[in-house]
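# Give me a 3D structure for the following:
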Amino acid sequence: MEIPAQDAAHMARAVELAGRGHGTTSPNPVVGCVVLDAAGEVAGEGFHAYAGGPHAEVVALAQAGERARGGTAYVTLEPCDHTGRTGPCSQALLDAGVARVVIAVSDPNPKAAGGAARLRARGVAVTSGVLAGEAGRVNEEWLTYARLGRSHVTWKFAATLDGRSAAEDGTSQWITSPEARADVHRLRAASDAIVAGIGTVLADDPRLTARPTPPAEDGSGVGDEVGVRRATGVRVPLRVVVDPDGRTPPSARVLDDQAPTLVAIADDVETDLKADLLRLPRHAAGLDLPALLGELAAREVVSVFLEGGPTLAGSFIGQGLVDRVVAYVAPALLGSGRAALGAAGVRTIGELHRLTFDDISPIGPDVRLIARPTTQPGREK
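Just a heads-up that it's a prediction; the model follows:
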């Protein structure tokens, strides 16, 4: 389908607006909307800013006012057709008198889908599929959650140029720069959950909190981000420890009061650990990871930020459960030590996991690489 230049330009703006909702809309999608008046001039813009708040179409229509009548609305996701915490956006568009609606991606959620059909039935011209790839990318976490019934997974690691994540003696602080670490905290803060394995907890005793603001002056290393997010109603990322045998020490920092924590253990383990426990089936290689992601999705965890050691990462990669890879590579060499990725189900070169680069950016003295698997089941092509 050849897309008219005007449609592409206005939908690109709607995609840009949608991106502003990252990290604050979960468990809702990020959505952007641009409304033109009958003369083709921009009359209103909006994006979904937070769960429970007005949807993108409602914000844009309010800005446009009467100018929306006879105009066109560009929306990155099919307007919802149900009443949840807010009313149906399809009806809002009809009430505003919009004559045409251009949609990027159809809504895969059966509870909310149907907006396009309602609009067409009421005489509104509807065009679908405009910049679907771009709109799908900006909303990929929620689309994975809605289509596959599991959380979207981003695996992050930091390594030297020769692929080592720790030295021979196990030390790893710090391979990458303060700038790279600050970028990691920004990505953590935009996620619903931060996941690590028991090996990382025992070796490093991490807090697994999102701290994109400077550390506290008292030297505790904890900035004010947790307090700010709680005060503004934006939920703090859930910390998840994958701990098949229930070995998490009661004194572990991941169990402090800085954020909620879930410890996933095997269903055949007895433990006195005072924590929120999630019991999962045990497999030969560890816990049932698809079941973990399904349970997290049931708790409205849309996006997971996977950190920690090579063993857990290898299990996620080997089972096709990683949707995006974010790698921070330092211009340094170790020559020996722990590799960033452990066994991932590859026995011969023909089985290697192929990825495509989305972005390559300098972060301080380091380089950040963002890539994703070349095949991702459950996504529209």
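# check contacts around the residue nearest the centre of the chain.
Against the mean C-alpha coordinate of the chain, by CA atoms, centre = their mean, the closest residue is Ser303 at 3.8 Å. Contacts were defined as CB atoms under 8 Å, 6 or more residues apart in numbering; by that measure Ser303 touches Ser26, Glu141, Tyr145, Ser151, His152, Thr154, Ala190, Ser191, Asp192, Ala193. Backbone N, C-alpha and C define where each C-beta goes, glycine included.
# Got phi/psi on it?
For Ser303, the backbone dihedrals (degrees, to the nearest 10) come out as phi -130, psi 130.
# any idea which of the contacts of Ser303 has the most stuff around it?
Per-residue neighbour counts (other CB atoms under 10 Å) across the contacts of Ser303 peak at Ser151, which has 30 neighbours.
# Please verify my assumption that it contacts Ala291.
No. In this structure, Ser151 sits apart from Ala291 without contact. The criterion is CB atoms under 8 Å, and the distance is 11.8 Å.
# After the helix or strand bottoming out on mean pLDDT in the chain, which helix or strand is next?
Every helix and strand of the chain was ranked by mean pLDDT, DSSP states H and E. The lowest is helix 225-231, at a mean of 40. Where DSSP states H and E defines the elements, the next helix or strand beyond helix 225-231 is strand 238-242.
# Can you give the strand pairings for that following strand, parallel or anti for each?
In its sheet, strand 238-242 lies beside strand 193-197 (parallel), strand 261-266 (parallel), with partners assigned from DSSP bridges.
# In a markdown table, list these along with mean pLDDT.
Conversion of the strands paired with strand 238-242 to a markdown table gives the following (pLDDT from 0 to 100):
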| stretch | mean pLDDT |
| --- | --- |
| strand 193-197 | 95 |
| strand 261-266 | 96 |
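# who wins for proximity to Ala92 among the ones you listed?
Ala92 lies closest to strand 193-197 among these, at 32.3 Å (CB to CB).
# Low-confidence bits of the stretch 201-350 of the chain, can you list those?
When residues are selected by pLDDT under 70, those of the stretch 201-350 of the chain lie in 212-234.
# how about the strands in it?
Counting by DSSP state E, counting those that start in this stretch, the stretch 201-350 of the chain forms strands over residues 238-242, 261-266, 276-280, 282-283, 286-287, 303-306, 324-330, 338-339, given from the N-terminal end onward.
# Name the strands paired with the third one and say parallel or antiparallel.
Each strand that pairs with strand 276-280, with its direction, by DSSP bridges: strand 261-266 (parallel).
# What of the longest one?
Based on DSSP bridges, the strands next to strand 324-330 in the sheet, each with its direction, are strand 152-160 (parallel), strand 366-373 (antiparallel).
# picking that back up, would you mind finding the most buried of the strands of the stretch 201-350 of the chain?
Sort these by mean neighbour count, taking mean count of other CB atoms under 10 Å, and strand 303-306 sits at the top with a mean of 27.
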